[in-house]
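K.L.:
What would the 3D arrangement of this be:
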Amino acid sequence: VQLQASGGGLVQAGGSLRLSCVASGNIFRINSMGWYRQAPGKQRDLVATITKDYRTDYADSVKGRFTISRDNAKNTVYLQMNSLKADDTAVYYCTASISTHPWGPAQAYWGQGTLVTVSS
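P.N.:
Numbers count the residues shown, from 1 in each chain. Model prediction:
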């Protein structure tokens, strides 16, 4: 199983970016999906999660600005980021809880990270 994230880049404060993450490989079922971020010198923090039935949760710092969504047919999770701030600068990682067999437990998989830089 692989997760491939894309969509990062350089944007001015107040701008928008949309991140995408596609899961591929031996996938039986994808449960929750989500995004984390890690700023330089800091720990990796949760940004947003979405369950397979589309329930969402957000870090307080991004509520009202970021929107997580998913397309189950495409095994893809998105993160629409609006009103970006310099503090949003970080490497963004996607993650997904995936079962590879109908009888097997789900385990967490991580993408490679995509860099978002917000200039002030």
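
K.L.:
Between the two ends of stretch 35-42, how far is it?
P.N.:
With Cα to Cα, to the nearest Å applied, stretch 35-42 spans 16 Å between its terminal residues.

K.L.:
now what about that stretch, what contacts it?
P.N.:
19, 21, 44-49, 68, 77, 79, 87-95, 113, 116 (Cβ atoms under 8 Å, 6 or more residues apart in numbering). Quick note: C-beta positions are derived from backbone N, CA and C, even for glycine.

K.L.:
Beta-bridge partners for residue 34, please?
P.N.:
residue 49, residue 95 (DSSP bridges).

K.L.:
shift numbering so it begins at 4
P.N.:
Okay, residue one is now 4; in that scheme the one you just asked about reads as residue 37.

K.L.:
does it really touch residue 80, like I thought?
P.N.:
Yes: using Cβ atoms under 8 Å, residue 37 is in contact with residue 80, at 7.3 Å.

K.L.:
Settle it for me: which of these two has more neighbours?
P.N.:
residue 80 (29 against 23; other Cβ atoms under 10 Å).

K.L.:
shared neighbours of residue 37 and residue 80, which are they?
P.N.:
With Cβ under 8 Å, 6+ apart as the test, residue 37 and residue 80 both reach 53, 71, 97, 99.

K.L.:
how close does the first one get to residue 17?
P.N.:
According to Cβ to Cβ, to the nearest Å, residue 53 and residue 17 sit 25 Å apart.

K.L.:
more neighbours, these two?
P.N.:
residue 53 (22 against 11).

K.L.:
Now do the contacts for the more buried one.
P.N.:
Residue 53 touches 35-37, 59-60, 71-73, 80, counting by Cβ under 8 Å, 6+ apart.
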